[in-house]
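S.K.: need a 3D model of the sequence below.
(2 chains)
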Amino acid sequence: MNVPTMAEMMAQGKQPEVLFWVGSAGSFDDRAKKITRAFVKILNKANVDFAVLGTEESSTGDAAKRAGNEFLFQMQAMTNIEVMNAYEVKKIVTCDPHSFNTLKNEYPDLGGAYEVYHHTQFIKQLIDDGRLILSKPMNGERITFHDPCYLGRANDEYESPRDLIRKLGVNLVEMKRNKNNALCCGAGGAQMFKDAEKGDKEIFLERTEEAIETKPDIIATGCPYCNTMMTDGVKSTNKEDSIQVLDIAELIANAEAL
Amino acid sequence: MQYIDNILFAVLLIFGIGFFVRNIKKLKRNIFLGKDIDRSDKKSERWGNMTRIALGQSKMVRRPVAGILHIVVYLGFVIINIEVVEIIIDGLFGTHRALSFMGGLYSFLIGSFEVLAFLVLFSVIVFWIRRMVLRIPRFWNKEMKGFPKNDALYILYFEMVLMSLFLIMNATDVHFQEANSGNPISQFVASLFHGMSHDTLHLIETTAWWVHIIGIFIFLNYLYYSKHLHILLAFPNTFYANLNPKGQFPNDKNVTKEVQMMMDPNIDPFASAPEGVEDEVPEKFGASDVTDLNWVQLMNAYTCTECGRCTSVCPANITGKELSPRAIMMKTRDRVEEVGKNIDQNKGEIKDDGKQLLNDYITPEELWACTSCNACVEECPVSIDPLSIIMDMRRYLVMEQSAAPQELNMMMTNIENNGAPWQYSQMDRLNWKDE
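M.R.: Below is the predicted model:
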């Protein structure tokens, strides 16, 4: 797999078109790593001149900030900004809406102003520019899309992921609560890293049940954390044989047999 | 003695408005107990938001039934109040229907008021049915017990009574009914009074007139104590609302200063503080009481009309957790009110009452149940932001009290030590490439 690092690029005196921000989940979580690899396959297929920070990347600090630890967040942010500014990074793409949100909205104030894209926006642009051609559409599978809060409500991006899904020749079905009314998967605000407070139901179950009501073959997401939650939900309702939970990057990589 | 009515009316008017102004001043003082925040930028976008969201009620219709009925009541309220101008003139100068010289236009206006009064009455009755008969769940969450529940009902009863009095007043006005112009609704009400003598009718009319205007003054002064304050505050609240993307949480400037110092290799950590700095009380991080919040957040609390749309979309609340965004706003308002009373009783100073917003009103359990999904913020018809209060209080818990749940402490330790929320080495960050 061709994954150049910024350090290697710099050694060759090159400046890539875009930095792929992998994120902690995308680097370490077994499920999310598959999304990372699927996205890299798409980048390679479209001949995108990209690089990653590799071992120089560190947590964006998003989870720390949502947990209330502004100190830790700003330390992480300033460290990352120092690294990225040293490489003169201009444009970033990431598969994680949480990284997307904090890099795009919260880093500029601390000295890190970049053009930041969620991978669904970036892929859509590749297609619009004719750099990526989807040649093998799928076979009318029923797909429902779960809006990640930090892509949707947080940044008003509802259409890029849906545009991509429609381009795949599938049947996009909406859940009852969608777009700006979408229900959270339960992982945001640092909930991913702790047990839920006392209640009568897990949020991820509430959301997965709603997704299952649409009778989908596939639940699509655009966030590694949502993916984990929805996958857990599908498992605990014993539907893992009939329903797949896939990131949009994986949908495309699978469809194109990358 | 013939002027006694007019004098009585003038006194009523002065007291009614005077007391209201006094409360508004108190309201303003309480809101500005909050810290400063600059919301003076992007004026045109702010005017646009206020026009669309408050004046135009654009977010109300996200729920069509309640939304459309609310627009009826809102329009009715604004338009029927034009009639108050005439009532005040009549009251002060002893005239009767002082504006009726306008002829056809007058009939048209009063006729429209009557139609609106009828529609408002109808809508308010539907509201009451939704609350008390259909028992729509968001009106029955646990924070809606006691005064909040009664408050909502009092408002509905007030509106029912005021609208009925307006129609009765017109129905029993013999000359007005005889002229038979501008009475599309009251002509039917008039049949209820059929056969009564002119004197009785006049007595009913006068009584209805007085009770109506006294009712308006009482309602005006009830506002400050009620959730109904939204009819005024919805406007500034939508104007001063956050304009940044909802995912952008402000970076704490005090933290930035400290982190920059920590990371700057040129700073001498042992240098003595510059002149005058040593006496400064270090800035508190996050919020544990209402005075740590900013004035927009406190205005949010006074603006909340407890409709519960936020709570009905909150993933934590839906799944039975303790958190309710509406309760966050209600508790914040209760605490500001308490601090306000404290100031009133202690000659303008806040005397330590041993209480604060955190723990005494809002518990850590509520704060930690939030997924920061912004559903509450998106849903609020008047641009209230409960999430910003939750985040500020989390900051206090973590940065001042190190009181995060144990799992979150582990997550944060991992980020500190190895740059990821899990215990993986930063040196392994690129391993996925070859797996």
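S.K.: neighbours around the spatially closest residue to B:Asp434 that is not a sequence neighbour, how many?
M.R.: Closest residue to B:Asp434 apart from its sequence neighbours, by Cβ to Cβ, 6 or more residues apart in numbering or on different chains: A:Met1 at 7.5 Å. All C-beta spots, glycine's among them, are computed from the backbone N, C-alpha and C. Look at A:Met1: counted by other Cβ atoms under 10 Å in any protein chain shown, it has 11 neighbours.
S.K.: isn't A:Met1 up against A:Ile42?
M.R.: No - with contact defined as Cβ atoms under 8 Å, A:Met1 does not reach A:Ile42; the gap is 12.0 Å.
S.K.: which residue packs closest to B:Cys370, ignoring adjacent ones?
M.R.: B:Ile390 is the one closest to B:Cys370 (Cβ to Cβ, 6+ apart), at 4.9 Å.
S.K.: what average pLDDT does the strand or helix carrying that neighbour get?
M.R.: Here B:Ile390 sits within helix B:386-395, counting by DSSP states H and E. Computed over helix B:386-395, the mean pLDDT rounds to 98.
S.K.: distance from the chain centre to it, please.
M.R.: Helix B:386-395 sits 18 Å away from the centroid of its parent chain (Cα atoms, centre = their mean, to the nearest Å).
S.K.: in contact with the residue in chain A that chain B sits nearest to, which residues?
M.R.: Nearest residue of chain A to chain B: A:Ala154, at 2.7 Å (Cβ to the nearest Cβ). Applying Cβ atoms under 8 Å, 6 or more residues apart in numbering or on different chains to A:Ala154 gives the contacts A:97, A:101, B:245-248, B:374.
S.K.: so does stretch A:244-251 get close to chain B?
M.R.: No - contact between stretch A:244-251 and chain B is absent, the nearest approach being 13.6 Å (criterion: Cβ under 8 Å from any Cβ of the partner chain).
S.K.: do a quick rundown of the strands in chain A.
M.R.: Remark: strands assigned in chain A by DSSP state E are A:18-21, A:50-51, A:91-94, A:115-118, A:142-145, A:171-172, A:218-221, A:244-247.
S.K.: the first one pairs with which strands, and in what direction?
M.R.: Which is strand A:18-21. Here strand A:18-21 has these sheet partners by DSSP bridges: strand A:50-51 (parallel), strand A:91-94 (parallel).
S.K.: kindly check the end-to-end length of stretch B:230-248 for me.
M.R.: 26 Å (Cα to Cα, to the nearest Å).
S.K.: tell me the buried residues in that stretch?
M.R.: Neighbour counts over stretch B:230-248 (16 or more other Cβ atoms under 10 Å in any protein chain shown) mark B:230-231, B:233-242, B:245-248 as buried.
S.K.: between these, which is nearest B:Arg326?
M.R.: The shortest gap between B:Arg326 and any of those belongs to B:His230, at 12.7 Å (Cβ to Cβ).
S.K.: quick one on the thing from earlier: so which of the contacts of A:Ala154 is the closest to A:Ala257?
M.R.: A:Pro97 (26.9 Å).
S.K.: domains for chain A, by residue range?
M.R.: A:6-126, A:134-255 (automatic domain parsing).
S.K.: what about B:Pro265, which SS state?
M.R.: Classification of B:Pro265 using DSSP: H, G, I helix; E, B strand; the rest coil returns coil.
S.K.: distance check, the residue nearest to B:Asp434 against B:Ala54.
M.R.: According to Cβ to Cβ, to the nearest Å, A:Met1 stands 54 Å off from B:Ala54.
S.K.: among the strands of chain A, which is the most enclosed?
M.R.: Counting by mean count of other Cβ atoms under 10 Å in any protein chain shown, strand A:218-221 has the highest mean neighbour count of the strands of chain A, with a mean of 26.
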